[in-house]
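In: Sequence and predicted structure are below.
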2 protein chains.
Amino acid sequence: MSFQYNEYYNGTTGLTVGVKQVLFSEKSPYQMVEVYETDTWGNLMTIDGMVMLSEKDEFVYHEMMTHVGLFAHPNPKRVLIIGGGDGGSAREVLRHTGVEHVDMVEIDEAVVRASKQFMPEVGDFDNPKLAVLYEDGIAFVKNVKEPYDVIIIDGSDPVGPAEGLFKKDFYDACYEALTEDGILTAQTESPWVPSYHDSISGLFGILDEVFTVSKMYLAYIPLYPTGMWSMAYASKGIDPLSDEVLKRIEKGLPGFNTTMKYYNKEVHQGAFAIPNFVKTLLS
Amino acid sequence: MSFQYNEYYNGTTGLTVGVKQVLFSEKSPYQMVEVYETDTWGNLMTIDGMVMLSEKDEFVYHEMMTHVGLFAHPNPKRVLIIGGGDGGSAREVLRHTGVEHVDMVEIDEAVVRASKQFMPEVGDFDNPKLAVLYEDGIAFVKNVKEPYDVIIIDGSDPVGPAEGLFKKDFYDACYEALTEDGILTAQTESPWVPSYHDSISGLFGILDEVFTVSKMYLAYIPLYPTGMWSMAYASKGIDPLSDEVLKRIEKGLPGFNTTMKYYNKEVHQGAFAIPNFVKTLLS
């Protein structure tokens, strides 16, 4: 029963991946969650027909979604992840041993269940510093009592339940839910895909309005549309490219430099280099 | 007669692109050259079933294959392009108005003919500074009389006629064919594709042996396998990241900064940031 999974992202252009078998397929109250066994990427999760991660390439997305913000902050203790149900972002955050508590607010428990069962290496769900809350992240952020040092918006594409993650009232609430040195990172789609252009330019416009510092950065993610993925960094003042931040990355965490697969100081800096056609999209 | 063009690069994983019509299809003495009309990428050229370029994304490859080396050199006058039959690399080289002569040595005239007819904006074939020679680039390099300031290896993948472009005797000859300040750049496949790993590590080993400076750099090319493409920079001494080079890029060429679509100073620097898993491949 093998077949080709096809995801079209620009007219008739797309990704094709052979599926050896369907391991998980569930229509949750929010979305269609599926896990496929593949020949070369390990197990692969899709939501509503869009690749979320594979076991073999997830390290890029999760390292870049987390360490860019965590290293920029001088002393991150409380971290909030909106979405991120596969657990990979929380795993990377928890490698920063100074972090005391992570709240992961995932609307769909089916995503967590699928990840735990079929991608057991991705999450670190038994870590006592991690609380998994099955709630609407947008409502959650509007009711935060104790602020966070870093907020990571690890949502899916701006259709369905993640649509609100691209709106101004959500980022106003994130700003309020952050400490004085607070930093936010978010996934912001591929600049190569025309249907994302409005979401990207809209979101960076909002971040620019709400935060003191806001910048795009990029990562190579082979199973995401076009392989070029953008992310947002926003803060109440901390520049992610300051000498202080770069020194902190160079110093690293205990055991850090031996185990990262993608992230390093040069990658942190280089990710903020934006090609001219992408700058045009943002201006 | 529309159909899906499929290119598999990692087991059953690949790119799929809808073809509206076949514009060019010719089995040359060297390879199968085809040009397809697509819905979102303009016309697309493939060689032996591998994407070479589309009209919409070619700017990334051609800007990054040329400007990284051309700006690193203080005064490039003579440039040699091995391969590059579509004409895009020569076009970008010729934007450096100090360049006096470009030899483009393309083994297969069918590639040039297909590009001229179906990708008329890609090449700058009427430029009087450009000489197009239909010869074997490997033999050509071994017989260079007047050396070049920059050599650009714009060949296809390391199978078929381009296989010799990944061997030591070729790079020894390139070294000899370069001036004292000489610089070489080359396309070196995707680090994400396991079947390329031996070619990549082998080639960088050779460059390291033959040249004083050798470095990998990266670019986002959406229609190439995985979207992450590597290139090589090698020189007899010039560091591509020196202050002098960066100042030169910042200063730019007449009209340069207004017209580049991908390349800028930050992109030049950032492209040399290599993720850890790629460093492992090179070590």
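Out: Perfect, I can see it now.
In: got the contact list for A:E106?
Out: By Cβ atoms under 8 Å, 6 or more residues apart in numbering or on different chains, A:E106 lies in contact with A:G83, A:G84, A:G85, A:V112, A:V132, A:L133, A:Y134, A:G137. Backbone N, C-alpha and C define where each C-beta goes, glycine included.
In: so A:H67 makes contact with A:E92?
Out: Yes. Between A:H67 and A:E92 there is a contact under Cβ atoms under 8 Å: 6.5 Å.
In: before we move on, back to that, mind checking which of the contacts of A:E106 land in strands?
Out: A:G83, A:V132, A:L133 (DSSP state E).
In: Out of the contacts of A:E106, which is nearest to chain B?
Out: Of all the contacts of A:E106, chain B sits closest to A:G84, with 21.4 Å by Cβ to the nearest Cβ.
In: shouldn't the closest one be in contact with A:S156?
Out: No. The pair A:G84 / A:S156 is not scored as a contact, 10.3 Å apart, by Cβ under 8 Å.
In: Which one's more surrounded, those two?
Out: Just comparing A:G84 and A:S156: by other Cβ atoms under 10 Å in any protein chain shown the higher neighbour count belongs to A:G84, 30 against 22.
In: Going by the annotation, which residue ranges form each domain of chain A?
Out: Following automatic domain parsing, one gets these domains for chain A: A:3-51, A:58-282.
In: Among those domains, single out whichever gets nearest to B:F118.
Out: Evaluated with Cβ to Cβ, the domains of chain A place domain A:3-51 nearest to B:F118, the distance being 18.5 Å.
In: what's the average pLDDT for the closest one?
Out: Mean pLDDT, computed over domain A:3-51, is 97.
In: What number of residues are in the vicinity of the residue of chain A found nearest chain B?
Out: The nearest approach of chain A to chain B comes at A:G227, 1.6 Å away (Cβ to the nearest Cβ). If you count neighbours by other Cβ under 10 Å, A:G227 ends up with 26.
In: What of A:P275?
Out: 26.
In: what's the closest non-adjacent residue to A:E146?
Out: Excluding the flanking residues, the one nearest A:E146 by Cβ to Cβ, 6 or more residues apart in numbering or on different chains is A:R78, at 7.0 Å.
In: Enumerate every residue touching the one you found.
Out: Neighbouring residues of A:R78 by Cβ under 8 Å, 6+ apart: A:V99, A:E100, A:H101, A:V102, A:D103, A:E146, A:P147, A:Y148, A:D149, A:V150, A:T179.
In: For it, list each beta-bridge partner.
Out: With DSSP bridges applied, A:R78 shows beta-bridge pairing to A:H101.
In: And the pLDDT at it?
Out: 98.
In: tally of neighbours for the residue lying closest to A:V141 once chain neighbours are set aside?
Out: With sequence-adjacent residues excluded and distances taken as Cβ to Cβ, 6+ apart, A:V141 is closest to A:A173, at 4.4 Å. Neighbours of A:A173 under the rule other Cβ under 10 Å: 19.
In: Mind checking what secondary structure A:A173 has?
Out: Under the three-state scheme (DSSP: H, G, I helix; E, B strand; the rest coil), A:A173 adopts helix.
In: surely it meets A:A139?
Out: No. Contact criterion Cβ under 8 Å: A:A173 and A:A139 do not qualify, at 9.3 Å.
In: before we move on, back to that, what about the contacts of A:R78, which are in strands?
Out: Among these, the members found in strands (DSSP E) are A:H101, A:V102, A:D103, A:Y148, A:D149, A:V150, A:T179.
In: Could you tell me how many residues sit around the residue lying closest to the fifth one once chain neighbours are set aside?
Out: What that stands for is A:D149. Leaving aside its chain neighbours, A:D149 sits nearest to A:P76 (4.2 Å; criterion: Cβ to Cβ, 6+ apart). Using other Cβ under 10 Å, A:P76 has 23 neighbouring residues.
In: Verify the assumption that A:P76 is located in a strand.
Out: No. The secondary structure assignment for A:P76 gives coil rather than a strand, going by three-state DSSP.
In: and it, what does it touch?
Out: A:P76 sits next to A:G69, A:L70, A:H96, A:G98, A:V99, A:D149, A:V150, A:I183 when contact means Cβ under 8 Å, 6+ apart.
In: I'd like the residues you listed as a markdown table, with neighbour count, distance to A:P120 and pLDDT appended.
Out: Shown next, in a markdown table, are those (neighbours: other Cβ atoms under 10 Å in any protein chain shown; distance: Cβ to Cβ, whole Å; pLDDT from 0 to 100):
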| residue | neighbour count | distance to A:P120 | pLDDT |
| --- | --- | --- | --- |
| A:G69 | 28 | 26 | 98 |
| A:L70 | 23 | 24 | 97 |
| A:H96 | 20 | 22 | 95 |
| A:G98 | 12 | 26 | 94 |
| A:V99 | 21 | 22 | 97 |
| A:D149 | 23 | 29 | 98 |
| A:V150 | 27 | 26 | 98 |
| A:I183 | 28 | 30 | 98 |
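In: Do a quick rundown of the strands in the stretch 1-150 of chain A.
Out: Shown for the stretch 1-150 of chain A, the strands assigned by DSSP state E, counting those that start in this stretch span residues A:3-10, A:13-19, A:21-27, A:32-37, A:43-47, A:50-54, A:78-83, A:101-105, A:130-133, A:148-154.
In: any idea which of these is most buried?
Out: strand A:148-154 (a mean of 27; mean count of other Cβ atoms under 10 Å in any protein chain shown).
In: what helices or strands is it leaning on?
Out: helix A:58-72, strand A:78-83, helix A:88-93, strand A:178-187 (3 or more Cβ pairs under 8 Å, 6 or more residues apart in numbering or on different chains; DSSP states H and E).
In: Below-threshold pLDDT in the stretch 101-250 of chain A: ranges please.
Out: A:158-161 (pLDDT under 70).
In: Tell me the residues of it that contact chain B?
Out: Along the stretch 101-250 of chain A, the residues adjacent to chain B under the rule Cβ under 8 Å from any Cβ of the partner chain are A:W192, A:P194, A:L218, A:Y220, A:I221, A:P222, A:L223, A:T226, A:G227, A:M228.
In: Please pick the buried ones from the residues you listed.
Out: By neighbour count, with 16 or more other Cβ atoms under 10 Å in any protein chain shown, these hold A:W192, A:L218, A:Y220, A:I221, A:P222, A:L223, A:T226, A:G227, A:M228 as buried.
In: quick one: the strands in the stretch 151-283 of chain A?
Out: A:178-187, A:213-220, A:228-235.
In: With respect to burial, which of these scores highest?
Out: For those, the highest mean count by mean count of other Cβ under 10 Å goes to strand A:228-235, at a mean of 24.
In: pull the CA atoms of that one into CSV?
Out: Taking Å, rounded to 0.1, in the frame of the first residue of the first chain, the C-alpha atoms of strand A:228-235 are listed here in CSV:
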residue,chain,number,x,y,z
MET,A,228,14.0,28.2,2.4
TRP,A,229,12.1,28.9,5.6
SER,A,230,11.8,32.2,7.4
MET,A,231,11.5,32.9,11.1
ALA,A,232,10.9,36.1,13.1
TYR,A,233,13.0,37.4,16.0
ALA,A,234,11.4,40.2,18.0
SER,A,235,12.5,41.7,21.3
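In: roughly how far out does that strand sit from the chain middle?
Out: How far strand A:228-235 lies from its chain's middle: 9 Å, per Cα atoms, centre = their mean, to the nearest Å.
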